[in-house]
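*Asks:* Provided below for reference: sequence and predicted model.
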Amino acid sequence: MTTKRRFVLSLVAASVLAGLAVAVQIPETVTIDKAQKKQAPVVLTHKAHAEKYACSTCHHNHENLKADSSIQVVPCFKCHLDPEKPETLSMREMSLGKNPFHKLCIDCHKKEAKGPVKCAECHKK
Ligand code: HEC
Ligand code: HEC
Ligand code: HEC
Ligand code: HEC
């Protein structure tokens, strides 16, 4: 290997390591649209929620997720769009009890008596 090539490779390695040490980027908003068919996509005011509630309230698969964690967050749709097991809630469902977002989001909005609970308040055309 030439010295130049080795230098370039070590730069790549260094930036990969630096990348790993950087905290997760908390999105300001996220548009949830992977299951979109009958309804319009849903915009979650992500940062506002993330400042108020523990990350794991929603990211239940990352137990100790924090604003300064440096892990790769696995998005919900990876497991909830076409779940491996039939009993896992699917984002394609309309029913309130069978869709993971309907269950999680609407339950909390009802409990807090704040936040959208009507279809068109989330599925904005
Ligand atoms: C708190 C927000 C929220 C409310 C209120 C809500 N939904 Fe949803 N719903 C979602 C999210 C998020 C998804 C996943 C969207 C995606 O991935 O495209 C979804 C998915 C769906 C889907 C499957 C995807 C599709 O487009 O076919 C249907 C059908 C649906 N909702 C119907 C309804 C109906 C009917 C109501 C009212 C009774 C309702 N939703 C109320 C957030 C909400
Ligand atoms: C109210 C629920 C909720 C809370 C609280 C929350 N998130 Fe999220 N977060 C989501 C949803 C929903 C998505 C979109 C996932 C998808 O596209 O399937 C998301 C996406 C993300 C993403 C982008 C993942 C990707 O690659 O698309 C990161 C990073 C993230 N959240 C970090 C955090 C951190 C860190 C916290 C706590 C400080 C937090 N979240 C709190 C619901 C939440
Ligand atoms: C790595 C895969 C994976 C990811 C990523 C994931 N989930 Fe789940 N989720 C599951 C599985 C499997 C279950 C069913 C078993 C269980 O309850 O742990 C589940 C259960 C749930 C439930 C039902 C809990 C109950 O009370 O029955 C909700 C709601 C939910 N997930 C929402 C979300 C949301 C919102 C996100 C993203 C912020 C997310 N999940 C990310 C795999 C995942
Ligand atoms: C643990 C409780 C909780 C969960 C889970 C939750 N929310 Fe909320 N959400 C709230 C509260 C409380 C408000 C009202 C904030 C206010 O008015 O100050 C709110 C408000 C909102 C609003 C109105 C804009 C704003 O930020 O005030 C949207 C849109 C919203 N939520 C979408 C969602 C979606 C989509 C999900 C599921 C991915 C979700 N929420 C999950 C508690 C929650």
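*Replies:* Sure thing, it's come through. Ligands and ions are numbered 1, 2, ... in the order given.
*Asks:* drop to CA atoms for contacts and neighbour counts, all remaining ones
*Replies:* Will do.
*Asks:* Surely residue 68 is within a helix?
*Replies:* No - the assignment for residue 68 by DSSP: H, G, I helix; E, B strand; the rest coil gives coil, which leaves it out of any helix.
*Asks:* Is it in contact with residue 55, as I believe?
*Replies:* No - no contact is recorded between residue 68 and residue 55 when judged using C-alpha atoms under 8 Å, the distance being 11.1 Å.
*Asks:* Looking at those two, which is more packed in?
*Replies:* More crowded of residue 68 and residue 55, by other C-alpha atoms under 10 Å: residue 55, with 17 against 12.
*Asks:* so what's residue 86 up against?
*Replies:* Residues in contact with residue 86 (C-alpha atoms under 8 Å, 6 or more residues apart in numbering): none are found.
*Asks:* Report the secondary structure state of it.
*Replies:* The three-state assignment at residue 86 reads coil, by three-state DSSP.
*Asks:* what are the phi and psi angles of it?
*Replies:* Taking degrees, to the nearest 10, you get phi -60, psi -20 for the backbone angles of residue 86.
*Asks:* before we move on, what about residue 31?
*Replies:* Backbone dihedrals for residue 31, given as degrees, to the nearest 10, come out at phi -100, psi 120.
*Asks:* now residue 30
*Replies:* Here is the backbone geometry of residue 30 (degrees, to the nearest 10): phi -130, psi 140.
*Asks:* Likewise for residue 32?
*Replies:* The main-chain torsion angles of residue 32 are listed as degrees, to the nearest 10 and equal phi -100, psi 110.
*Asks:* got the contact list for the residue nearest to it when sequence neighbours are not counted?
*Replies:* Here the nearest residue to residue 32 in space, its sequence neighbours aside, is residue 42; by C-alpha to C-alpha, 6 or more residues apart in numbering that works out to 5.2 Å. When the contact criterion is C-alpha under 8 Å, 6+ apart, the partners of residue 42 are 31, 32, 33, 122, 123, 124.
*Asks:* how about the third one, phi and psi?
*Replies:* If I follow you right, that is residue 33. Here the main-chain torsion angles of residue 33 (degrees, to the nearest 10) amount to phi -140, psi 10.
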